[in-house]
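Colleague: Pasting a predicted model and its sequence here:
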Amino acid sequence: MMFGPSPLEQFTIYKILPLSLGPIDLSFTNSSLFLLISFFFMFIGFNSIWSKALLIPTVWQNILESLYEFVYYNIISENIKKGGGLYFTILFSVFYFILFCNLLGMVPYGFTVTSHIVITLGLASTIFIGINYIGIRTHGLHMLSLFLPPGAPLLMAPLLVFIELVSYSFRVVSLSLRLFANMMSGHCLLKILAGFAWAMLSSFSILSIVHLLPLLVIVAIIGLELGIAFLQAYVFTLLLCVYLNDAISLH
């Protein structure tokens, strides 16, 4: 019995330019390539539009201004009580970087950078360290009060502090796993359905007609995946705002 390529094959990282420095592997991979492509689309696209900004905006300028307003008013302002505008640039960049990476993975023969836990965990860890730095710089050691809910009895303090500390530490894990798992599972499902439809079409029987059914399902799931690509970028940035608000405002 013949089987097609594994649905997980699309997540394989391979070296384009092998390079090593002793035991350290510095090779340029397909993942690195699509990271650069995502950055290129963001940087060139946004800068080319803003460099030609007019008092009466063009269609593309209108779209970009709407994107700015969405991130600022719908994500940052609603979830950071004070000083959220100071962090607009980094949060805006994170949102659209993840969105571009997610959408680029939907292009045929593309590679979904955010389907790898090492990428999402690295991104979440880096930003989470920055959030804690902001909290310590703002409140000093008083930030430790974040681990003891207000009004809690002192006898319960050791247990509550331990629970809060574990929960706080796992924020970065849940943040990265959510993005990685959603992108990976969606692409696997598309690959399985596409292989199923191709196998039916290649059977040269009555199944060749029935294969249209999984193809219709694939079209619907592609639409769903596009929505998930946007939703996961939104959820990732939204949770970053919630965590940043905790670090700034404490309880």
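Modeller: Arrived safely, thanks for sending. Numbers count the residues shown, from 1 in each chain.

Colleague: all helices of the stretch 101-250 of the chain, in order?
Modeller: When secondary structure is read from DSSP state H, counting those that start in this stretch, the stretch 101-250 of the chain shows helices at 117-139, 157-169, 171-201, 207-210, 212-249.

Colleague: Output those helices as CSV; include the columns distance to residue 56 and mean neighbour count.
Modeller: C-beta coordinates here come from the backbone N, C-alpha and C atoms, glycine included. Putting the helices of the stretch 101-250 of the chain into CSV (distance: least, C-beta to C-beta, whole Å; neighbours: other C-beta atoms under 10 Å) gives the following:
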stretch, distance to residue 56, mean neighbour count
helix 117-139, 37, 16
helix 157-169, 48, 13
helix 171-201, 38, 18
helix 207-210, 54, 12
helix 212-249, 28, 17
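
Colleague: what about the ones you listed, which gets the closest to residue 148?
Modeller: Comparing the helices of the stretch 101-250 of the chain by their distance to residue 148 (C-beta to C-beta), the top pick is helix 157-169, with 5.7 Å.

Colleague: Need the residues that contact that closest one.
Modeller: The contact list for helix 157-169 (C-beta atoms under 8 Å, 6 or more residues apart in numbering) reads 146-149, 152.

Colleague: Go ahead and name everything in contact with stretch 73-91.
Modeller: Outside of stretch 73-91, the residues within contact range by C-beta under 8 Å, 6+ apart are 71-72, 95, 127, 130, 234, 237-238, 240-242, 244-245, 248-249.

Colleague: now swap in stretch 32-44 and tell me
Modeller: When contacts are defined by C-beta under 8 Å, 6+ apart, stretch 32-44 is touched by residues 16, 93, 96-97, 100-101, 104-105, 110-113, 119.

Colleague: 10 Å - rerun?
Modeller: Contact partners of stretch 32-44, identified using C-beta atoms under 10 Å, 6 or more residues apart in numbering, comprise 13, 15-17, 26, 28-29, 93, 96-105, 107, 110-114, 119.

Colleague: Kindly provide the distance from residue 185 to residue 53.
Modeller: Relative to residue 53, residue 185 is positioned 40 Å away (C-beta to C-beta, to the nearest Å).

Colleague: Endpoints of stretch 48-68, how far apart?
Modeller: Here the two ends of stretch 48-68 are set 15 Å apart, with distance taken as C-alpha to C-alpha, to the nearest Å.

Colleague: Sorry, slip of the keys, the one I care about is stretch 45-58.
Modeller: 14 Å.

Colleague: which parts of that stretch are buried?
Modeller: When burial is assessed from 16 or more other C-beta atoms under 10 Å, stretch 45-58 yields the following buried residues: 46, 49.

Colleague: How about residues contacting it?
Modeller: With C-beta under 10 Å, 6+ apart as the criterion, stretch 45-58 contacts 60-68, 92-93, 96, 100.

Colleague: that older thread, so which of the contacts of stretch 32-44 are in strands?
Modeller: 15-17, 28-29 (DSSP state E).

Colleague: Was I right to think residue 30 contacts residue 15?
Modeller: Yes - with contacts counted by C-beta atoms under 10 Å, residue 30 reaches residue 15, the gap being 8.4 Å.
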